[in-house]
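Q: turn this into a model:
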Amino acid sequence: MNDRKKKNLIRKNSHLFWYIKKDSLDKINDEFLVETILNYGDWKSVQKLFEIFSIEKVAKIFFNQISQKRNNYKKPTLNFFKLYFNEHIQKRSIIKRSIKSSANNQKV
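A: A predicted model of the protein is given here:
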């Protein structure tokens, strides 16, 4: 992960962190950033989040957060990203297996 890109994403979405002092914005952890962007960010910010962390890492953070007794996701957001991550992670793993399989077949 590129720390500079993460800080840039936070800066571009500083309106989502209006209640945090500007000098504390650099201290936002990955889990809080993911939760905030998924809940309140626009699609462009979500895509940037995937670019910075990878869709797999964002999904891992998301599923870890929603497995807790309490979480801060709005119901529509929760439902959308459950479906989105399950669909996209499944597709990616199928593609990776396919690539790995074809690479193994070429070695023979």
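Q: helices of the protein, residue ranges please.
A: 3-12, 30-40, 43-53, 55-66, 75-107 (DSSP state H).
Q: check which residues of the second one are buried.
A: Meaning helix 30-40. Within helix 30-40, the residues that qualify as buried are 33-39, counting by 16 or more other C-beta atoms under 10 Å. C-beta coordinates here come from the backbone N, C-alpha and C atoms, glycine included.
Q: turn these into a markdown table, including pLDDT.
A: Putting those into a markdown table (pLDDT from 0 to 100) gives the following:
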| residue | pLDDT |
| --- | --- |
| 33 | 97 |
| 34 | 98 |
| 35 | 97 |
| 36 | 97 |
| 37 | 98 |
| 38 | 98 |
| 39 | 97 |
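Q: residue 45: neighbouring residues, count only.
A: 17 (other C-beta atoms under 10 Å).
Q: that one reaches residue 9, doesn't it?
A: Yes - applying C-beta atoms under 8 Å, one finds residue 45 in contact with residue 9, separated by 6.8 Å.
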